[in-house]
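**Q** Got a predicted structure plus its sequence, pasted below:
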Amino acid sequence: MNKKPSYRNVHNRFKLNGNNYSFNDLFEVAYSFIKEGEPHEKTIGDFLMDWINPKEEIVLKTSGSTGTPKRMRYAKQALVNSALATGDHFGVKIGDRALHCLSADFIAGKMMLVRAMILGLELDIVPPNGNVLEGNTTVYDFAAMVPMQAVHAMNQINQVKTLLIGGAAPSTTLLHQLQSKKTNSFFTYGMTETLTHIASRSIKSKDAVYTVLSGVHITQDDRQCLIIKVPYLTDADVVTNDVVTLVSDVSFKLLGRVDHVINSGGIKIFPETVEQKIGSFIQSPFFITSIADEQLGQQVILVLEQKKETQNLLNLLKEKKILSPYELPKKVFCLDAFEYTQNGKLKREATTAKLVAHPY
């Protein structure tokens with residue numbers, strides 16, 4: 001059985017922006033980024049400094065999209081193991097050209113660096129904002145983006161052979177756009193606690209079933225929420241607030257977060273499920289939430305990120321007959337701007353608290 005590399009075993013095929021670097025070279029790279037680099041390069045430099053220090057553990061922070069950001073310690077070997085699992089799952093090969101376009105402040109951006117160093121990838125770094133492929137004609141074997149980056153880069157997305165999309169819920173429109181492209185795209189499921197993704201689903205599959213990476217074990221608790229066991233990352237179970245339907249012992253369907261569930265007239269409604277159904281009919285950013293109602297307990301509402309509603313969405317959704325009577329929003333609210341985390345995830349509770357506009 002082959003022994004897994006340690007975090008010090010930087011692959012001899014690893015390249016960063018076209019240059020080969022060994023583990024001993026990383027101090028110079030990190031120092032240069034911190035002292036002279038752009039903001040996104042400084043965060044990469046900070047991570048590399050943490051990576052090469054003699055401590056066996058590294059501190060990671062969560063995004064804060066579902067609560068107060070947390071700081072956690074993980075063994076560097078766990079990040080190496082995660083990188084190896086990703087390589088196996090998606091068929092990433094030594095010498096593949098990869099794009100780094102995510103903030104290294106968070107786990108997804110850090111893990112792209114670890115994958116490149118451990119798997120021997122040729123990694124190009126670009127700023128994580130705007131169209132991350134703009135002015136770039138390079139064909140990449142592998143890349144990871146958040147949904148908004150994929151939207152902005154859609155006209156050039158075929159330059160990426162295998163694309164992972166995570167960090168936020170993808171829209172129905174994005175799904176449809178990607179299905180017409182040559183790019184082999186996957187939506188991923190994971191979090192900081194699992195060192196990015198532990199499951200994925202191809203955008204070309206007809207259902208919305210996520211398949212876990214090799215070595216990942218999944219079960220449910222009494223809330224029907226997903227419990228994740230990844231022995232090569234940590235001994236502890238990761239108990240999530242994500243309600244799922246287990247399709248098999250290695251696959252599941254994601255329904256929504258238990259703390260987002262709306263109880264309207266005794267019927268449980270998952271906002272994320274409703275959002276997926278209506279996403280193709282709404283152009284602006286939006287989300288489904290609820291307000292108190294004397295008769296129903298909670299009333300389903302639609303919140304748009306725009307100054308005012310420009311079409312009668314409620315009538316449109318009624319005509320389409322894609323929602324049950326309980327799922328159908330009773331009112332539409334508009335806000336000039338939603339609340340987002342630093343890495344672009346919607347903060348539902350904070351945004352709902354801002355509701356001041358009159359419903360249309």
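**A** Great, that's in hand.

**Q** and the gap between Thr194 and Thr172?
**A** 26 Å (CB to CB, to the nearest Å). For glycine as for every other residue, the C-beta is placed from the backbone atoms N, C-alpha and C.

**Q** Among the two, which residue is more densely surrounded?
**A** Neighbours around Thr194 and Thr172, counted as other CB atoms under 10 Å, are more numerous at Thr194. The numbers are 21 against 15.

**Q** mind listing what that one touches?
**A** Ile228, Val230, Leu233, Val238 (CB atoms under 8 Å, 6 or more residues apart in numbering).

**Q** Retrieve the pLDDT associated with the first one.
**A** So that's Ile228. What the model reports for Ile228 is a pLDDT of 98.

**Q** and it, what does it touch?
**A** Shown in contact with Ile228 (CB under 8 Å, 6+ apart): Thr194, Ile198, Val216, His217, Ile218, Asp237, Val238, Thr240.

**Q** Ok, the last one next?
**A** When contacts are counted by CB under 8 Å, 6+ apart, Val238 is found next to Met191, Glu193, Thr194, Ile227, Ile228, Lys229, Val230.

**Q** now swap in the third one and tell me
**A** Leu233 makes contacts with Tyr74, Ala78, Asn81, Ser82, Thr194, Leu195, as judged by CB under 8 Å, 6+ apart.

**Q** from those residues, which would you call buried?
**A** Tyr74, Ala78, Asn81, Ser82, Thr194, Leu195 (16 or more other CB atoms under 10 Å).

**Q** and Ile322, what element?
**A** Taking DSSP states H and E as the definition, one finds Ile322 inside no helix or strand.

**Q** neighbour-wise, which of the contacts of Ile228 leads?
**A** Busiest of the contacts of Ile228 [other CB under 10 Å] is Ile198, holding 28 neighbours.

**Q** Next one: that residue relative to Thr192, how far apart?
**A** Applying CB to CB to Ile198 and Thr192 gives a distance of 12 Å.

**Q** swap in Asp105?
**A** Applying CB to CB to Asp105 and Thr192 gives a distance of 11 Å.

**Q** Assumed Leu178 was part of a strand.
**A** No - using DSSP: H, G, I helix; E, B strand; the rest coil, the assignment for Leu178 is helix, not a strand.

**Q** Restricted to buried residues, select the contacts of Val238 in ChimeraX.
**A** Provided next is the ChimeraX selection string for whichever of the contacts of Val238 are buried by 16+ other CB under 10 Å:
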select :191,193,194,228,229,230
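
**Q** Next, format the contacts of Val238 as CSV and append distance to Lys204 and secondary structure.
**A** Converted to CSV, those look like this (distance: CB to CB, whole Å; DSSP: H, G, I helix; E, B strand; the rest coil):
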residue, distance to Lys204, secondary structure
Met191, 25, strand
Glu193, 29, helix
Thr194, 24, helix
Ile227, 29, strand
Ile228, 25, strand
Lys229, 29, strand
Val230, 26, coil
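
**Q** And the contacts of Val238, which two are furthest apart?
**A** Using CB to CB, the two most remote members of these are Met191 and Lys229, lying 14.3 Å apart.

**Q** which stretches of this structure form helices?
**A** Ranges of helices in the chain, per DSSP state H, are 26-36, 39-52, 76-90, 107-119, 147-152, 172-179, 271-278, 313-320, 348-352.

**Q** how's this protein carved up into domains?
**A** Residue ranges for the domains of the chain, per automatic domain parsing: 15-202, 261-352.

**Q** Pick the most buried one from those.
**A** domain 15-202 (a mean of 19; mean count of other CB atoms under 10 Å).

**Q** What is the end-to-end distance of that one?
**A** In domain 15-202, first residue to last residue: 28 Å (CA to CA, to the nearest Å).

**Q** And stretch 336-344, by the same measure?
**A** OK, stretch 336-344 end separation, CA to CA: 16 Å.

**Q** Give the rounded mean pLDDT of it.
**A** Stretch 336-344 shows a mean pLDDT of 83 in the predicted model.

**Q** Ok, stretch 237-253 next?
**A** pLDDT averaged over stretch 237-253 gives 96.

**Q** If we go by neighbour counts, what in it is buried?
**A** Applying 16+ other CB under 10 Å to stretch 237-253 flags Val238, Thr240, Asn241, Asp242, Val243, Val244, Ser251, Phe252 as buried.

**Q** does Val10 really touch Leu119, like I thought?
**A** No - using CB atoms under 8 Å as the test, Val10 is too far from Leu119 to be in contact (10.5 Å).

**Q** Just give the strands next to the longest strand along the chain in its sheet, each with its orientation.
**A** In the chain, assigned by DSSP state E, the strand with the most residues is strand 238-248. Sheet pairing of strand 238-248 (DSSP bridges) gives strand 225-229 (antiparallel), strand 251-257 (antiparallel).
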